[in-house]
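Student: how does the following fold in three dimensions:
(one chain, ligands or ions: 2)
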Amino acid sequence: MTTVAAYAAPAAKAPLERTTVDRRAVGENDVLIDIAFVGICHSDIHQVREGWGKAIFPMVPGHEIAGVVAETGSGVTKYAVGDRVGIGCMVDSCRVCVNCRAGLEQYCTDGPVWTYSAVGKDGLPTYGGYSQKVVVDENYVVRVPEALPLDAAAPLLCAGITTYSPLRHWNAGPGTSVAVVGLGGLGHMGVKIAHALGAEVTVLSQSLRKKDDGMRLGADRYHATSDPATFTDLAGSLDLILNTVSAPLDFGAYFSLLRTDGAMVNLGLPEETVAIELQSLFGNRRSMSSSGIGGIAETQEMLDFCAEHGVAAEIELIRADQINEAYERVLASDVRYRFVIDTATI
Ligand SMILES: NC(=O)c1ccc[n+]([C@@H]2O[C@H](COP(=O)([O-])OP(=O)(O)OC[C@H]3O[C@@H](n4cnc5c(N)ncnc54)[C@H](O)[C@@H]3O)[C@@H](O)[C@H]2O)c1
Ligand SMILES: [Zn+2]
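Tutor: Ligands and ions are numbered 1, 2, ... in the order given. Next comes the predicted model:
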(Lines give C-alpha, C1' and ligand atoms only; values in the text may rest on other atoms or scores of the structure.)
(Ligands and ions follow the chains in the order given, each with its own letter.)
Protein backbone atom coordinates (compact mmCIF):
# COMPACT_ATOMS: atom_id res chain seq x y z
CA MET A 1 0.00 0.00 0.00
CA THR A 2 1.23 3.51 -0.86
CA THR A 3 -0.31 6.70 0.49
CA VAL A 4 -0.47 9.44 -2.14
CA ALA A 5 -1.58 13.07 -2.24
CA ALA A 6 -4.90 13.68 -3.99
CA TYR A 7 -7.75 16.15 -4.44
CA ALA A 8 -11.14 14.79 -3.39
CA ALA A 9 -14.73 15.84 -2.91
CA PRO A 10 -15.56 14.64 0.64
CA ALA A 11 -19.30 14.57 -0.12
CA ALA A 12 -21.69 15.21 -3.01
CA LYS A 13 -21.53 18.82 -4.27
CA ALA A 14 -18.75 19.69 -1.78
CA PRO A 15 -15.71 21.61 -3.05
CA LEU A 16 -12.65 19.48 -3.74
CA GLU A 17 -9.87 19.64 -1.15
CA ARG A 18 -6.39 18.26 -0.70
CA THR A 19 -6.22 14.87 1.02
CA THR A 20 -4.44 11.52 0.73
CA VAL A 21 -5.60 8.14 -0.60
CA ASP A 22 -4.11 4.65 -0.40
CA ARG A 23 -3.07 2.82 -3.54
CA ARG A 24 -2.80 -0.98 -3.44
CA ALA A 25 0.60 -2.68 -3.48
CA VAL A 26 1.87 -3.30 -7.03
CA GLY A 27 0.56 -6.75 -7.98
CA GLU A 28 2.00 -9.19 -10.50
CA ASN A 29 0.27 -7.59 -13.51
CA ASP A 30 0.18 -4.03 -12.20
CA VAL A 31 2.10 -0.91 -13.05
CA LEU A 32 2.62 2.01 -10.69
CA ILE A 33 2.25 5.25 -12.62
CA ASP A 34 3.58 8.65 -11.60
CA ILE A 35 0.72 10.84 -12.82
CA ALA A 36 1.99 13.99 -14.53
CA PHE A 37 -1.23 15.53 -15.86
CA VAL A 38 -4.95 14.92 -15.59
CA GLY A 39 -7.75 16.53 -17.57
CA ILE A 40 -11.02 17.85 -16.13
CA CYS A 41 -13.93 16.22 -17.97
CA HIS A 42 -17.48 17.47 -17.57
CA SER A 43 -18.30 13.93 -16.40
CA ASP A 44 -16.16 14.62 -13.30
CA ILE A 45 -18.50 17.50 -12.48
CA HIS A 46 -21.69 15.51 -13.14
CA GLN A 47 -20.42 12.82 -10.75
CA VAL A 48 -19.10 15.09 -7.98
CA ARG A 49 -22.57 16.66 -7.95
CA GLU A 50 -24.30 13.24 -8.06
CA GLY A 51 -26.07 14.41 -11.21
CA TRP A 52 -26.13 10.83 -12.56
CA GLY A 53 -27.31 9.27 -9.30
CA LYS A 54 -25.63 7.96 -6.20
CA ALA A 55 -21.84 8.13 -6.21
CA ILE A 56 -19.08 7.00 -3.85
CA PHE A 57 -17.39 9.53 -1.54
CA PRO A 58 -14.81 10.69 -0.85
CA MET A 59 -14.41 10.97 -4.62
CA VAL A 60 -11.10 11.59 -6.36
CA PRO A 61 -12.23 12.35 -9.94
CA GLY A 62 -10.05 12.22 -13.03
CA HIS A 63 -10.08 9.80 -15.97
CA GLU A 64 -7.86 11.64 -18.43
CA ILE A 65 -4.56 10.52 -16.94
CA ALA A 66 -1.09 10.84 -18.48
CA GLY A 67 2.09 9.87 -16.70
CA VAL A 68 5.20 7.73 -16.55
CA VAL A 69 5.64 4.14 -15.35
CA ALA A 70 7.53 4.13 -12.03
CA GLU A 71 7.38 0.42 -11.11
CA THR A 72 6.19 -2.81 -12.71
CA GLY A 73 4.91 -6.08 -11.24
CA SER A 74 6.85 -9.31 -11.90
CA GLY A 75 4.42 -10.47 -14.61
CA VAL A 76 4.21 -7.20 -16.56
CA THR A 77 5.26 -7.62 -20.19
CA LYS A 78 3.94 -4.56 -22.02
CA TYR A 79 5.52 -1.71 -20.07
CA ALA A 80 8.83 -0.81 -18.49
CA VAL A 81 9.89 1.84 -15.99
CA GLY A 82 10.08 5.21 -17.78
CA ASP A 83 7.40 4.47 -20.39
CA ARG A 84 4.93 7.29 -21.13
CA VAL A 85 1.43 5.97 -20.55
CA GLY A 86 -2.22 6.89 -20.15
CA ILE A 87 -5.30 5.67 -18.30
CA GLY A 88 -8.86 6.52 -19.29
CA CYS A 89 -12.27 5.84 -17.79
CA MET A 90 -11.80 2.14 -16.95
CA VAL A 91 -9.22 0.24 -14.93
CA ASP A 92 -10.64 -3.28 -15.28
CA SER A 93 -13.50 -5.36 -16.72
CA CYS A 94 -14.56 -9.03 -16.64
CA ARG A 95 -12.37 -9.88 -19.68
CA VAL A 96 -14.51 -12.90 -20.68
CA CYS A 97 -17.89 -11.55 -21.79
CA VAL A 98 -18.79 -11.13 -25.45
CA ASN A 99 -18.01 -7.40 -25.34
CA CYS A 100 -14.68 -7.71 -23.53
CA ARG A 101 -13.61 -10.39 -26.01
CA ALA A 102 -14.59 -8.07 -28.88
CA GLY A 103 -12.41 -5.25 -27.50
CA LEU A 104 -15.46 -3.35 -26.28
CA GLU A 105 -14.51 -3.43 -22.60
CA GLN A 106 -16.48 -0.22 -22.06
CA TYR A 107 -19.62 -2.28 -22.66
CA CYS A 108 -18.54 -5.18 -20.39
CA THR A 109 -21.73 -7.03 -19.46
CA ASP A 110 -20.64 -7.02 -15.78
CA GLY A 111 -19.96 -3.30 -16.09
CA PRO A 112 -16.35 -2.14 -16.36
CA VAL A 113 -14.55 -1.05 -13.20
CA TRP A 114 -14.59 2.72 -13.62
CA THR A 115 -11.46 4.68 -12.76
CA TYR A 116 -13.23 6.33 -9.83
CA SER A 117 -16.51 6.14 -7.90
CA ALA A 118 -16.44 2.34 -8.25
CA VAL A 119 -15.16 -0.69 -6.37
CA GLY A 120 -12.20 -2.55 -7.86
CA LYS A 121 -11.69 -6.31 -8.02
CA ASP A 122 -9.48 -5.89 -4.93
CA GLY A 123 -12.61 -4.78 -3.05
CA LEU A 124 -11.23 -1.26 -2.55
CA PRO A 125 -12.84 1.94 -3.82
CA THR A 126 -11.25 3.27 -6.98
CA TYR A 127 -9.79 6.77 -6.93
CA GLY A 128 -9.10 8.73 -10.10
CA GLY A 129 -6.32 10.83 -11.48
CA TYR A 130 -6.50 14.02 -9.41
CA SER A 131 -3.63 12.46 -7.49
CA GLN A 132 0.07 11.83 -7.81
CA LYS A 133 0.24 8.07 -8.38
CA VAL A 134 -2.05 5.22 -9.41
CA VAL A 135 -1.71 1.41 -9.59
CA VAL A 136 -3.43 -0.21 -12.59
CA ASP A 137 -3.40 -3.60 -14.32
CA GLU A 138 -1.21 -3.27 -17.42
CA ASN A 139 -4.06 -4.43 -19.67
CA TYR A 140 -5.96 -1.20 -18.96
CA VAL A 141 -2.98 1.05 -19.66
CA VAL A 142 -2.17 2.56 -23.06
CA ARG A 143 1.06 3.97 -24.47
CA VAL A 144 1.36 7.70 -25.20
CA PRO A 145 3.44 8.11 -28.38
CA GLU A 146 6.58 10.25 -28.13
CA ALA A 147 5.15 12.76 -30.62
CA LEU A 148 2.42 13.79 -28.16
CA PRO A 149 3.22 16.06 -25.19
CA LEU A 150 1.88 14.46 -22.00
CA ASP A 151 -0.19 17.49 -20.94
CA ALA A 152 -2.03 17.89 -24.25
CA ALA A 153 -2.36 14.10 -24.57
CA ALA A 154 -4.17 13.65 -21.24
CA PRO A 155 -7.60 14.77 -22.58
CA LEU A 156 -7.32 12.26 -25.42
CA LEU A 157 -7.90 9.50 -22.85
CA CYS A 158 -11.57 10.51 -22.60
CA ALA A 159 -12.47 13.42 -24.89
CA GLY A 160 -10.30 11.99 -27.69
CA ILE A 161 -11.54 8.41 -27.63
CA THR A 162 -15.17 9.42 -27.00
CA THR A 163 -15.23 11.29 -30.30
CA TYR A 164 -12.84 9.03 -32.27
CA SER A 165 -14.84 5.85 -31.60
CA PRO A 166 -18.19 7.01 -33.07
CA LEU A 167 -16.45 8.82 -35.94
CA ARG A 168 -14.86 5.50 -36.90
CA HIS A 169 -17.98 3.42 -36.20
CA TRP A 170 -20.15 5.67 -38.40
CA ASN A 171 -17.41 5.81 -41.09
CA ALA A 172 -16.59 9.52 -41.03
CA GLY A 173 -14.08 10.28 -43.77
CA PRO A 174 -13.70 11.83 -47.23
CA GLY A 175 -17.12 12.46 -48.78
CA THR A 176 -19.01 12.49 -45.47
CA SER A 177 -20.46 15.53 -43.82
CA VAL A 178 -20.11 15.57 -40.04
CA ALA A 179 -21.44 18.15 -37.58
CA VAL A 180 -20.25 18.60 -34.03
CA VAL A 181 -22.72 20.19 -31.62
CA GLY A 182 -21.06 22.06 -28.75
CA LEU A 183 -17.45 23.30 -28.88
CA GLY A 184 -16.20 22.26 -25.44
CA GLY A 185 -13.74 19.54 -24.41
CA LEU A 186 -15.31 16.72 -26.42
CA GLY A 187 -16.47 19.02 -29.20
CA HIS A 188 -13.08 20.50 -30.00
CA MET A 189 -11.56 17.00 -30.17
CA GLY A 190 -14.44 15.89 -32.40
CA VAL A 191 -13.67 18.73 -34.83
CA LYS A 192 -9.94 17.97 -34.91
CA ILE A 193 -10.35 14.22 -35.34
CA ALA A 194 -13.17 14.42 -37.91
CA HIS A 195 -11.03 16.87 -39.92
CA ALA A 196 -7.99 14.58 -39.65
CA LEU A 197 -10.15 11.68 -40.89
CA GLY A 198 -10.95 13.74 -44.00
CA ALA A 199 -14.62 14.50 -43.32
CA GLU A 200 -16.27 17.84 -44.08
CA VAL A 201 -16.83 19.37 -40.63
CA THR A 202 -19.54 21.75 -39.46
CA VAL A 203 -19.64 23.20 -35.95
CA LEU A 204 -23.05 23.89 -34.47
CA SER A 205 -22.52 26.16 -31.49
CA GLN A 206 -24.85 28.35 -29.48
CA SER A 207 -23.25 31.53 -30.88
CA LEU A 208 -20.48 32.56 -33.28
CA ARG A 209 -18.27 33.60 -30.32
CA LYS A 210 -15.76 30.77 -30.89
CA LYS A 211 -15.97 30.76 -34.71
CA ASP A 212 -12.31 31.72 -35.30
CA ASP A 213 -11.18 28.92 -33.00
CA GLY A 214 -13.50 26.42 -34.67
CA MET A 215 -12.17 27.20 -38.13
CA ARG A 216 -8.58 26.99 -36.88
CA LEU A 217 -9.31 23.59 -35.28
CA GLY A 218 -10.38 22.24 -38.68
CA ALA A 219 -14.04 23.16 -39.25
CA ASP A 220 -15.20 23.92 -42.80
CA ARG A 221 -18.40 25.65 -41.64
CA TYR A 222 -19.54 27.18 -38.37
CA HIS A 223 -23.16 28.00 -37.55
CA ALA A 224 -24.96 29.43 -34.55
CA THR A 225 -27.85 27.31 -33.28
CA SER A 226 -29.40 30.49 -31.86
CA ASP A 227 -29.98 31.59 -35.50
CA PRO A 228 -33.10 29.86 -36.94
CA ALA A 229 -31.59 30.16 -40.45
CA THR A 230 -29.03 27.51 -39.47
CA PHE A 231 -31.77 24.90 -39.39
CA THR A 232 -33.14 25.83 -42.81
CA ASP A 233 -29.74 26.32 -44.49
CA LEU A 234 -28.43 22.94 -43.36
CA ALA A 235 -31.67 20.93 -43.57
CA GLY A 236 -31.10 17.37 -44.83
CA SER A 237 -27.37 17.92 -45.42
CA LEU A 238 -25.51 15.93 -42.76
CA ASP A 239 -24.47 12.26 -42.55
CA LEU A 240 -23.51 12.31 -38.90
CA ILE A 241 -24.08 14.61 -35.95
CA LEU A 242 -21.99 14.20 -32.81
CA ASN A 243 -23.83 15.87 -29.97
CA THR A 244 -21.38 16.76 -27.19
CA VAL A 245 -23.66 19.08 -25.23
CA SER A 246 -23.98 18.38 -21.51
CA ALA A 247 -27.60 19.63 -21.36
CA PRO A 248 -30.81 18.55 -23.18
CA LEU A 249 -31.43 19.95 -26.69
CA ASP A 250 -34.40 20.29 -29.04
CA PHE A 251 -33.51 17.00 -30.70
CA GLY A 252 -36.15 17.20 -33.42
CA ALA A 253 -34.53 20.33 -34.85
CA TYR A 254 -31.21 18.50 -35.15
CA PHE A 255 -32.73 15.34 -36.71
CA SER A 256 -34.06 17.55 -39.53
CA LEU A 257 -30.47 18.33 -40.50
CA LEU A 258 -29.71 14.69 -41.29
CA ARG A 259 -29.80 13.13 -44.73
CA THR A 260 -31.66 9.88 -45.32
CA ASP A 261 -30.02 7.23 -43.11
CA GLY A 262 -28.08 9.90 -41.23
CA ALA A 263 -27.35 9.39 -37.55
CA MET A 264 -27.28 11.66 -34.54
CA VAL A 265 -24.98 10.21 -31.89
CA ASN A 266 -25.41 11.59 -28.41
CA LEU A 267 -22.19 11.73 -26.46
CA GLY A 268 -23.32 14.32 -23.91
CA LEU A 269 -24.96 12.79 -20.87
CA PRO A 270 -27.39 15.36 -19.44
CA GLU A 271 -28.59 14.84 -15.89
CA GLU A 272 -32.23 15.25 -16.99
CA THR A 273 -34.40 12.72 -18.84
CA VAL A 274 -35.01 13.96 -22.39
CA ALA A 275 -38.02 13.62 -24.67
CA ILE A 276 -37.71 13.08 -28.43
CA GLU A 277 -40.20 13.38 -31.27
CA LEU A 278 -40.09 10.15 -33.25
CA GLN A 279 -41.86 11.88 -36.17
CA SER A 280 -38.66 13.70 -37.03
CA LEU A 281 -36.73 10.42 -37.27
CA PHE A 282 -39.07 8.18 -39.26
CA GLY A 283 -39.41 10.29 -42.41
CA ASN A 284 -35.88 9.59 -43.60
CA ARG A 285 -34.88 6.43 -41.72
CA ARG A 286 -32.72 8.62 -39.54
CA SER A 287 -31.32 7.15 -36.37
CA MET A 288 -30.50 8.39 -32.95
CA SER A 289 -27.79 6.62 -31.03
CA SER A 290 -25.23 7.04 -28.30
CA SER A 291 -21.69 5.90 -27.73
CA GLY A 292 -19.52 5.46 -24.66
CA ILE A 293 -15.75 6.14 -24.71
CA GLY A 294 -13.99 3.28 -26.58
CA GLY A 295 -12.22 -0.02 -25.90
CA ILE A 296 -8.60 -0.33 -24.81
CA ALA A 297 -7.25 -1.34 -28.25
CA GLU A 298 -9.23 1.42 -29.93
CA THR A 299 -7.90 3.94 -27.41
CA GLN A 300 -4.37 2.92 -28.39
CA GLU A 301 -5.32 3.20 -32.08
CA MET A 302 -6.69 6.70 -31.41
CA LEU A 303 -3.48 7.82 -29.66
CA ASP A 304 -1.38 6.50 -32.55
CA PHE A 305 -3.71 8.23 -35.05
CA CYS A 306 -3.42 11.52 -33.14
CA ALA A 307 0.38 11.25 -33.01
CA GLU A 308 0.51 10.58 -36.75
CA HIS A 309 -1.80 13.52 -37.57
CA GLY A 310 -0.41 16.01 -35.04
CA VAL A 311 -3.70 16.09 -33.11
CA ALA A 312 -3.84 16.86 -29.38
CA ALA A 313 -6.06 18.86 -27.05
CA GLU A 314 -5.99 22.63 -26.66
CA ILE A 315 -5.44 23.00 -22.95
CA GLU A 316 -5.31 25.48 -20.13
CA LEU A 317 -2.88 24.14 -17.54
CA ILE A 318 -3.93 24.81 -13.95
CA ARG A 319 -2.71 24.19 -10.40
CA ALA A 320 -4.63 21.81 -8.16
CA ASP A 321 -5.84 24.67 -5.97
CA GLN A 322 -7.67 26.06 -9.03
CA ILE A 323 -9.85 22.95 -9.53
CA ASN A 324 -13.00 24.35 -7.91
CA GLU A 325 -12.73 27.56 -9.90
CA ALA A 326 -12.16 25.52 -13.09
CA TYR A 327 -15.38 23.55 -12.40
CA GLU A 328 -17.33 26.81 -12.26
CA ARG A 329 -15.74 27.94 -15.51
CA VAL A 330 -16.63 24.64 -17.25
CA LEU A 331 -20.24 25.04 -16.09
CA ALA A 332 -20.22 28.59 -17.48
CA SER A 333 -18.86 27.33 -20.89
CA ASP A 334 -15.70 29.34 -20.19
CA VAL A 335 -12.98 26.92 -21.23
CA ARG A 336 -10.78 26.75 -24.31
CA TYR A 337 -10.89 23.83 -24.49
CA ARG A 338 -9.81 21.57 -21.64
CA PHE A 339 -8.48 22.29 -18.18
CA VAL A 340 -5.54 20.06 -17.33
CA ILE A 341 -4.18 19.82 -13.79
CA ASP A 342 -0.41 19.77 -13.24
CA THR A 343 -0.34 17.05 -10.57
CA ALA A 344 3.00 18.30 -9.24
CA THR A 345 0.93 21.05 -7.59
CA ILE A 346 -1.20 18.58 -5.60
N1 LIG B 1 -20.35 9.37 -24.07
C2 LIG B 1 -19.23 9.35 -23.36
O3 LIG B 1 -18.53 8.35 -23.28
C4 LIG B 1 -18.79 10.61 -22.68
C5 LIG B 1 -17.45 10.80 -22.37
C6 LIG B 1 -17.06 12.00 -21.81
C7 LIG B 1 -18.00 12.97 -21.53
N8 LIG B 1 -19.30 12.74 -21.79
C9 LIG B 1 -20.32 13.76 -21.56
O10 LIG B 1 -20.28 14.69 -22.64
C11 LIG B 1 -20.72 15.97 -22.20
C12 LIG B 1 -19.71 17.01 -22.61
O13 LIG B 1 -18.49 16.81 -21.90
P14 LIG B 1 -17.31 17.88 -22.06
O15 LIG B 1 -16.27 17.45 -21.10
O16 LIG B 1 -16.98 18.07 -23.48
O17 LIG B 1 -18.03 19.18 -21.50
P18 LIG B 1 -17.73 20.72 -21.82
O19 LIG B 1 -18.40 21.46 -20.72
O20 LIG B 1 -16.29 20.94 -22.08
O21 LIG B 1 -18.51 20.97 -23.19
C22 LIG B 1 -19.92 21.01 -23.26
C23 LIG B 1 -20.33 21.96 -24.37
O24 LIG B 1 -21.76 22.05 -24.35
C25 LIG B 1 -22.14 23.42 -24.45
N26 LIG B 1 -23.42 23.59 -23.78
C27 LIG B 1 -23.69 23.51 -22.45
N28 LIG B 1 -24.98 23.70 -22.21
C29 LIG B 1 -25.56 23.93 -23.40
C30 LIG B 1 -26.90 24.18 -23.84
N31 LIG B 1 -27.90 24.24 -22.94
N32 LIG B 1 -27.12 24.33 -25.15
C33 LIG B 1 -26.12 24.26 -26.05
N34 LIG B 1 -24.83 24.02 -25.70
C35 LIG B 1 -24.57 23.87 -24.41
C36 LIG B 1 -21.03 24.17 -23.76
O37 LIG B 1 -20.96 25.51 -24.21
C38 LIG B 1 -19.80 23.38 -24.21
O39 LIG B 1 -19.34 23.83 -25.45
C40 LIG B 1 -20.95 15.83 -20.69
O41 LIG B 1 -22.32 15.59 -20.47
C42 LIG B 1 -20.11 14.62 -20.35
O43 LIG B 1 -20.54 13.96 -19.18
C44 LIG B 1 -19.72 11.58 -22.37
ZN1 LIG C 1 -14.63 12.02 -19.49
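Student: partner strands of the strand or helix carrying V178 and their direction?
Tutor: If you go by DSSP states H and E, V178 is part of strand 177-181. Looking at strand 177-181 with DSSP bridges, its paired strands and their directions are strand 200-205 (parallel), strand 238-243 (parallel).
Student: nearest to ligand 1, of those?
Tutor: strand 200-205 (6.9 Å; CB to the nearest ligand atom). Bear in mind the C-beta positions are built from the backbone N, C-alpha and C, glycine included.
Student: domain ranges for the chain?
Tutor: 2-158+294-345, 160-290 (the TED database).
Student: out of those, the one nearest ligand 2 is which?
Tutor: Ranking the domains of the chain by proximity to ligand 2 (CB to the ion) places domain 2-158+294-345 first, at 3.0 Å.
Student: state the mean pLDDT of that closest one.
Tutor: For domain 2-158+294-345, the mean pLDDT works out to 97.
Student: what's the end-to-end length of it?
Tutor: Using CA to CA, to the nearest Å, the span of domain 2-158+294-345 from its first residue to its last is 19 Å.
Student: likewise for stretch 330-337?
Tutor: Using CA to CA, the span of stretch 330-337 from its first residue to its last is 9 Å.
Student: what of stretch 45-52?
Tutor: Using CA to CA, the span of stretch 45-52 from its first residue to its last is 10 Å.
Student: any residue of that stretch up close to ligand 1?
Tutor: Yes - part of stretch 45-52 sits close enough to ligand 1 to count as contact by CB under 6 Å from any ligand atom, namely H46.
Student: could the strands paired with strand 177-181 go into TSV alongside distance to P149, mean neighbour count and mean pLDDT?
Tutor: TSV is the format used below for the strands paired with strand 177-181 (distance: least, CB to CB, whole Å; neighbours: other CB atoms under 10 Å; pLDDT from 0 to 100):
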stretch	distance to P149	mean neighbour count	mean pLDDT
strand 200-205	24	25	98
strand 238-243	25	24	98
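Student: which one of those strands lies nearest to M1?
Tutor: Judged by CB to CB, the one of the strands paired with strand 177-181 that comes nearest to M1 is strand 238-243, at 41.6 Å.
Student: tell me, how many residues neighbour whatever residue of the stretch 51-200 of the chain ends up closest to ligand 1?
Tutor: Residue nearest to ligand 1 within the stretch 51-200 of the chain: G184 (1.9 Å; CB to the nearest ligand atom). Counted with other CB atoms under 10 Å, residues neighbouring G184 total 23.
Student: which residues touch it?
Tutor: Neighbour list for G184: H42, T244, S246, V330, S333, V335, Y337 [criterion: CB atoms under 8 Å, 6 or more residues apart in numbering].
Student: now with 7 Å?
Tutor: H42, T244, S333, V335, Y337 (CB atoms under 7 Å, 6 or more residues apart in numbering).
Student: excluding chain neighbours, give the residue nearest to the last one in space.
Tutor: The shortest distance from Y337 to any residue that is not its chain neighbour, by CB to CB, 6 or more residues apart in numbering, is 3.9 Å, and that residue is H188.
Student: S291 too?
Tutor: The shortest distance from S291 to any residue that is not its chain neighbour, by CB to CB, 6+ apart, is 4.2 Å, and that residue is P166.
Student: returning to what we had before: tell me which of the contacts of G184 fall in strands.
Tutor: The strands, defined by DSSP state E, take in nothing from the contacts of G184.
Student: restrict those residues to contacts with ligand 1.
Tutor: Among these, the residues within reach of ligand 1 (CB under 6 Å from any ligand atom) are H42, T244, S333, V335.
Student: contacts for the biggest helix by length in the chain?
Tutor: Counting residues, the longest helix found in the chain (DSSP state H) is helix 296-309. Counting contacts by CB under 7 Å, 6+ apart, the residues outside helix 296-309 that touch it are 86, 88, 103, 105, 139-140, 142-145, 147-148, 156, 160-161, 164-165, 196, 294, 312.
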